[in-house]
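Got a sequence here, can you model it:
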Amino acid sequence: MRRIIMALILTGIATASVSAQSMGTSYKTALGVKVWDGAGITLKHFTDASKAFEFIGYFYREGARITGLYEIHGPISGAPGLKWYIGPGAHVGFYDKKYGDKAFAGIDGVLGLDLKVKNAPLNFSIDWQPSFEFGDNRGFVGSWGGLGIRYTF
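You can find the predicted model right below:
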């Protein structure tokens with residue numbers, strides 16, 4: 001699985017052209033990985049300077065989870081390229097037999113920091129993503145989130 005994720009990232013890096021914007025302290029779109037208790041593929045796209053959508057496909061030992069987030073970003077003064085973000089979202093989780101062998105839906109929140117590295121097409125983020133899952137034996141989960149490493153273009 002890790003080889004597939006790395007191959008996707010390297011393919012994206014090899015085929016994408018580095019624009020002047022991706023070398024500054026802001027970016028429009030970024031693709032990469034998000035690590036947590038498992039690993040995920042993350043795509044983040046800004047609709048304007050302060051609003052973005054992030055889509056994450058997590059793969060971990062209990063199953064898989066697909067998440068969509070709407071994020072509102074704000075600058076941190078004195079730190080070019082560093083922004084805080086917060087927002088709502090939703091997910092669908094697919095779990096193995098140990099966790100009910102079912103699919104569940106839920107709502108998410110996100111709170112984090114996002115750093116665009118100046119003069120490099122790199123973005124790092126760290127966040128906390130609490131969620132509430134609907135269904136039998138489901139409920140609040142406060143352990144989601146992770147470290148994102150992305151290529152910007």
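
pLDDT averaged over stretch 103-111, what's the number?
Across stretch 103-111, the average pLDDT comes to 95.

meant to ask about stretch 58-67, not that
Stretch 58-67 comes out with an average pLDDT of 88.

Next, the buried residues of it.
58, 63-65, 67 (16 or more other C-beta atoms under 10 Å). Just so you know, the C-beta spots here come from the backbone N, C-alpha and C atoms, and that holds for glycine as well.

Ends of it, what's the gap?
Across stretch 58-67, the straight-line distance between its terminal residues is 8 Å, by C-alpha to C-alpha, to the nearest Å.

Compute the distance from the centre of that stretch to the centre of its chain.
Counting by C-alpha atoms, centre = their mean, to the nearest Å, stretch 58-67 is centred 13 Å from the centre of its parent chain.

any idea of the pLDDT on the residue nearest the centre of the chain?
Nearest to the mean C-alpha position of the chain, by C-alpha atoms, centre = their mean, lies T42 at 4.5 Å. Here, the pLDDT recorded for T42 equals 97.

Secondary structure element holding it?
In this structure, T42 is located in strand 39-48 according to DSSP states H and E.

Report the strands that pair with that strand, each with its relative direction.
Each strand that pairs with strand 39-48, with its direction, by DSSP bridges: strand 29-35 (antiparallel), strand 51-60 (antiparallel).

Tell me which of those lies nearest to G148.
In this view, the strands paired with strand 39-48 are compared for proximity to G148 by C-beta to C-beta, and strand 29-35 is the closest at 4.6 Å.

Please name the nearest non-neighbouring residue to T25.
What sits nearest to T25 in space, not counting adjacent residues and going by C-beta to C-beta, 6 or more residues apart in numbering, is G81, at 3.6 Å.

actually W36, not the one I typed
G146 (3.5 Å).
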